[in-house]
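> sequence plus the predicted model coming up.
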Number of protein chains: 2
Amino acid sequence: MDPHLIRTFVTVARCASFSTAAEELGYTQSAVSQQIAALEADLGVPLLRRRPVTPTDAGRRLLEHAAPILLRLDAARADIRRASGAPPAHLRAGASPLADSGRLAEALVRVRRSMPRVSVALSVLGREGVVTGVARGELDLGLVDGVTAPSDPLRLSDAGALTSTVVGESPLAAVLPAGHPLAGRATLRLDDLADAWWIDAPDAATPLAQLRAVARADGFRSGFGYDGAELSVLLALVAAGAGLALLPESVARDRPDVAAVRLAAPAPVHRTELVHGGLTGPAAACARLLQP
Amino acid sequence: MDPHLIRTFVTVARCASFSTAAEELGYTQSAVSQQIAALEADLGVPLLRRRPVTPTDAGRRLLEHAAPILLRLDAARADIRRASGAPPAHLRAGASPLADSGRLAEALVRVRRSMPRVSVALSVLGREGVVTGVARGELDLGLVDGVTAPSDPLRLSDAGALTSTVVGESPLAAVLPAGHPLAGRATLRLDDLADAWWIDAPDAATPLAQLRAVARADGFRSGFGYDGAELSVLLALVAAGAGLALLPESVARDRPDVAAVRLAAPAPVHRTELVHGGLTGPAAACARLLQP
DNA sequence: ACAACTTACGGGGGCCGTAACAATT
DNA sequence: AATTGTTACGGCCCCCGTAAGTTGT
C-alpha cells in the first residue's frame, strides 16, 4: 500500500483511463499498468475493471480511503515542517464563502499594517478546501463556517493535529421566496422543513448532509444543485423558486425578492471557526485580532 | 514518507535504540540507520537525537501522526478485504472492560447455538484496542463504552469507514470511599467534583481527558494511576482512598466499602456502542441480538 | 575500550521505459 | 484497423547486508 501506488490508482480511477492518467502523472502507460497490477497483487483483489476502466467494489472502497490517507500524509509533512524552521514572513489565509470574511479581511489588513514586511494572501474556497489547505500547510489559518447545535464543535474532516476555536456565531434562517406561504411566519422549526425541497449548494449554503445530521432526520430532498459559491446566485435561485436554503440570517437583508425566517429555539446555529495547525508569527497576530 | 519508513521510525523511537529496533524488525542496524536517514532527508529535518536516541520536536510530531496514519492504512486494507470475499465462518468480538459484556456474551452464545459451525471468540481490551481491532479487521465487531452528553455520539478515534450504533446507556455515578463526606448525598454535580482527586485509570474507568471534555472544565487532577482493567482492583483503590472514579452506577452495588452517588441532571451518561466495519454473516446476526 | 551509530561498497530486486502482444470496439 | 491495456525484457536505481569507520561514554 505504497502511497505512490494509491496516488496513481486515484488518478487512473478519476481519468477512467490508464493512458490519460499516465500522461498526467508523467509515466508511460506501461508503468501505470504495472503499478495497478502491483497494488492489486498486494491487496489480493482486482480494483479496476478494464475497458471501460471502472472501479470494482473493492476499488470503490479504496477510493473512499485514499483521499483521507493522502491528506493525513501531507498533513504530517506540513506539521513537521511547521515544527522546525523559522516562522514564515507571509500569511496565507483561507475562508469558506459563508465565513465572516469581512472580519477576516479587516484583521489581515491590520496585521499587514503593523508588520509591513509580511505579504498577505486571502483565498475563498469551499469548506473542504480550507480545511485541507490548512492541514497541508498551504494556508496558515482558515475561517470555516458550518451549522451545528449550539455549544457543539463543528465537525471538520479529520486531518490530525488541527485546532479550531470559535470566532463567531449567528442565528440561522430559512431563506425562501418572498411570496412563499411560510414567509410571513416569525419563526420556523427545522423539523417542519424536512419535507420541503432544498437547493443542494454544498459550498454556498449549508450542505444537506450536515442539515440532516443536525436535525437528526432524513428528508431535506433536493432537485436543484448549485456548485458555485456566489451568494447572489444562490439567493436568485431561491427567489426563482428552485428551493430553500439555510443561511445565516444576515445575508438575506436588503433583498426584496427573498424572505429569511429565523429558526425557533432550540435551533442549530451558524458558526464560524478559526482553524490552524499551530499559530506562529503573523498568523498568531491575526488570530488574536479575530478573538472576540 | 513511505509507511515502511514510518514504521521503522516508530519502532526506533519506542526502543530508543537503532540496534534493538533492527533486531525487532528483522533488519540489520545499518539498514535501520539508512532508513531513518532517508526519512530525515525526505522531510529535511532531523527526527532523532542520537546517543541517547531521543525524538526531536519534529520527531515527536511525526510520532503523533504515525499511529493514525498506519491505522488508516491497515483499516483501508481490512475494509477492502471485507468488500471482496465470502463472509467468514467465525465471529471475533471485542469489548472494553466497562462495556456491557454480559449482554454481548449472551448474544455470542445464542449466535453460536443457532450457527454451530461458526467459531466464536471474545476479547476484552482497552477502548483503543477494540476500535483499532475492528478497524484493522482483527475483530468483526466491538462493544465500546464511554462517557458523553446524552444524545451525543461517543468520540471514537477516527479510522475511517467504521459505523457505530448505541446499544445501551446507564446513569453515571461518582464512586467514593464509604466514609467520604459526600457519600451521603443523593446526587452530585460534575462541576463540583473537578477539584477532587481522581484515579487515572484510562481502561478501567472514565479517562480523565474524556471527563474534562464532557464537563467543559479543567481540573480532575490525579495523583494515582491504575493501568489495568480489573474493576475490583479499581474499586479497592477507591475504597482505600486513592481517589475518585466515575463509573456506571451499577458496578458499585454489593460493595460495602464504596458508595456510588449518581450525577445530577443534566449529567453525562455512560453509553456503550456497537462498532463495526460492515456487518456480514455471523456478525450481523450478533448485532441484531444486541439491538434493544 | 566498548558500544552504538554512520559510511562505504557490492549485490540483488524492484521499478520504469521500450517494444511486442492481446483484446476490445 | 485502431485504440488501449498487458506482457516481456533490459537497464538503472534503490535498498539491504557486510564491513570498515567514527563518535560518544
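Nice, I can see it.
> so A:Ala173 is in which element?
Assigned by DSSP states H and E, A:Ala173 falls within strand A:163-177.
> tell me how chain A divides into domains.
A:3-83, A:90-167+A:271-290, A:170-268 (automatic domain parsing).
> quick check: mean pLDDT across the second one?
Average pLDDT, domain A:90-167+A:271-290: 88.
> A:Gly168 contacts A:Arg103, correct?
Yes: between A:Gly168 and A:Arg103 there is a contact under C-beta atoms under 8 Å: 7.2 Å. Every residue, glycine included, has its C-beta placed from N, CA and C.
> what ranges does the stretch 101-250 of chain A have for its helices?
A:101-114, A:127-136, A:208-215, A:231-239 (DSSP state H, counting those that start in this stretch).
> for those, which one ends up most surrounded?
Highest mean neighbour count among the helices of the stretch 101-250 of chain A (mean count of other C-beta atoms under 10 Å in any protein chain shown): helix A:127-136, with a mean of 23.
> show me what that helix is in contact with.
For helix A:127-136, the external contacting residues (C-beta atoms under 8 Å, 6 or more residues apart in numbering or on different chains) are A:71, A:74-75, A:78, A:94-96, A:99, A:123, A:125, A:139-146, A:156-157, A:159-160, A:162, A:202-203, A:207, A:275-277.
> buried ones in the strand holding A:Ala173?
A:164, A:167-177 (16 or more other C-beta atoms under 10 Å in any protein chain shown).
> any idea how far the residue in the stretch 101-250 of chain A that DNA strand C sits nearest to lies from A:Ala16?
Nearest to DNA strand C in the stretch 101-250 of chain A, going by C-beta to the nearest atom of the strand, is A:Arg136, at a distance of 22.8 Å. For A:Arg136, the distance to A:Ala16 equals 26 Å [C-beta to C-beta, to the nearest Å].
> ok, now A:Ser84?
For A:Ser84, the distance to A:Ala16 equals 41 Å [C-beta to C-beta].
> got it, and A:Asp254?
A:Asp254 is 46 Å from A:Ala16, by C-beta to C-beta.
> so those two - more neighbours on which side?
Just comparing A:Asp254 and A:Ala16: by other C-beta atoms under 10 Å in any protein chain shown the higher neighbour count belongs to A:Ala16, 13 against 6.
> burial measure for A:Pro150, as a count.
Using other C-beta under 10 Å, A:Pro150 is surrounded by 11 other residues.
> excluding its backbone neighbours, what's nearest it?
Counting by C-beta to C-beta, 6 or more residues apart in numbering or on different chains, A:Pro150 lies nearest to A:Val269, which is 5.2 Å off, once chain neighbours are set aside.
> re earlier: and the contacts of helix A:127-136, which are buried?
Buried by 16+ other C-beta under 10 Å: A:71, A:74-75, A:78, A:94-96, A:99, A:125, A:139-146, A:156, A:159-160, A:162, A:202-203, A:207, A:275-277, out of those.
> could the helices of the stretch 101-250 of chain A go into a markdown table alongside distance to A:Asp42?
Listed next are the helices of the stretch 101-250 of chain A as a markdown table, based on distance: least, C-beta to C-beta, whole Å:
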| stretch | distance to A:Asp42 |
| --- | --- |
| helix A:101-114 | 45 |
| helix A:127-136 | 26 |
| helix A:208-215 | 33 |
| helix A:231-239 | 45 |
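> wait, which of the ones you listed is closest to B:Ala287?
Checking the helices of the stretch 101-250 of chain A against B:Ala287 by C-beta to C-beta gives helix A:208-215 as the closest, at 22.2 Å.
> any idea of the mean pLDDT in that closest one?
For helix A:208-215, the mean per-residue pLDDT is 82.
> re the thing from before, show only the entries of the buried ones among the contacts of helix A:127-136 found in strands.
Judged by DSSP state E, strands contain the following of the buried ones among the contacts of helix A:127-136: A:94-95, A:141-146, A:275-276.
> what is the nearest of these to A:Arg113?
A:Leu141 (17.8 Å).
> excluding its backbone neighbours, what's nearest that closest one?
Nearest non-adjacent residue to A:Leu141, counting by C-beta to C-beta, 6+ apart: A:His276, 4.4 Å away.
> get me the contact residues on chain A for DNA strand C.
Listed as neighbours of DNA strand C in chain A under the rule C-beta under 7 Å from any atom of the strand: A:2, A:4, A:26-28, A:30-31, A:34-35, A:38, A:51.
> what about 10 Å?
Within reach of DNA strand C by C-beta under 10 Å from any atom of the strand, chain A has these residues: A:2, A:4-5, A:8, A:22, A:25-35, A:37-38, A:41-42, A:50-52.
> put the buried members of these into a PyMOL selection.
Applying 16+ other C-beta under 10 Å to these leaves a buried subset, and the PyMOL line that selects it is:
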select buried, chain A and resi 5+8+22+25+27+29+32+33+35
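> now, which of the residues of chain A next to DNA strand C lie close to chain B?
A:Asp2 (C-beta under 8 Å from any C-beta of the partner chain).
> looking at the residues of chain A next to DNA strand C, which are in helices?
Using DSSP state H, the subset of the residues of chain A next to DNA strand C located in helices is A:4-5, A:8, A:22, A:25, A:29-35, A:37-38, A:41-42.
> now, among these, which is nearest to B:Arg61?
Among those, and counting by C-beta to C-beta, the member closest to B:Arg61 is A:His4, at 22.6 Å.
> against which helices or strands is the lengthiest helix in chain A packed?
Ranked by number of residues, the top helix in chain A under DSSP H is helix A:57-83. Helices and strands touching helix A:57-83, by 3 or more C-beta pairs under 8 Å, 6 or more residues apart in numbering or on different chains; DSSP states H and E, are helix A:3-15, helix A:127-136, helix B:29-43, helix B:57-83.
> again, only this time at 10 Å
Contacts defined by 3 or more C-beta pairs under 10 Å, 6 or more residues apart in numbering or on different chains; DSSP states H and E place helix A:57-83 against helix A:3-15, helix A:29-43, strand A:48-49, strand A:54-55, helix A:127-136, helix B:3-15, helix B:29-43, helix B:57-83.
> and the one residue in the stretch 101-250 of chain A that gets nearest to DNA strand D, how far is that from A:Gly278?
Residue nearest to DNA strand D within the stretch 101-250 of chain A: A:Arg136 (23.1 Å; C-beta to the nearest atom of the strand). The spacing between A:Arg136 and A:Gly278, counted by C-beta to C-beta, is 14 Å.
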